[in-house]
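Student: A structural model of the following input is requested.
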Amino acid sequence: MITAHTRIIARSSTRAYSERAPRNKHAEWYSSMLPAMIPVALLGSAVYMVRALHLAQCTLAHEKFLDQADARIRKLEEEVDRLQKERSVSAPPSPSKSHSSWWRWP
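Tutor: Numbering: from 1, shown residues only. So this is what the prediction gives:
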């Protein structure tokens with residue numbers, strides 16, 4: 001049952017102000033521009049996130065490369081040390097020559 005009181009409330013809840021006065025120019029501008037700017041903002045955010053993820057990926061790839069290079073350098077240094085030890089153990093000491101240097105005439 002609809003009473004007279006609910007009819008009055010239903011009538012008062014309609015937007016009578018929109019029929020009486022013209023809309024504010026600022027409100028009209030925002031109501032026309034804001035919906036159009038939402039896709040632009042979403043696209044800008046997506047591009048920003050993609051660039052940020054690309055930067056993070058490049059940084060991590062560079063760190064991985066540096067770690068691999070350090071491991072390779074350590075491996076080569078160990079190999080050089082091992083070869084120098086083998087050379088010092090297997091090579092007999094060379095006989096020393098006279099105190100003359102190589103650039104003097106005999």
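Student: can you pull out the helices in the protein?
Tutor: In the chain, the segments counted as helices under DSSP state H are 4-12, 16-20, 25-90.
Student: closest to Trp103 out of those helices?
Tutor: Of all the helices of the chain, helix 25-90 sits nearest to Trp103, with 27.4 Å by CB to CB. C-beta here means a position set from N, CA and C on the backbone, and glycine is covered the same way.
Student: on that earlier part again, I'd like the helices of the chain as a markdown table, with mean neighbour count appended.
Tutor: Formatted as a markdown table, the helices of the chain follow (neighbours: other CB atoms under 10 Å):
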| stretch | mean neighbour count |
| --- | --- |
| helix 4-12 | 9 |
| helix 16-20 | 8 |
| helix 25-90 | 10 |
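Student: With mean pLDDT added, can I get those helices in TSV?
Tutor: Converted to TSV, those look like this (pLDDT from 0 to 100):
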stretch	mean pLDDT
helix 4-12	56
helix 16-20	57
helix 25-90	94
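Student: Adding distance to Trp103, write those out as a markdown table.
Tutor: Below are the helices of the chain laid out as a markdown table (distance: least, CB to CB, whole Å):
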| stretch | distance to Trp103 |
| --- | --- |
| helix 4-12 | 115 |
| helix 16-20 | 106 |
| helix 25-90 | 27 |
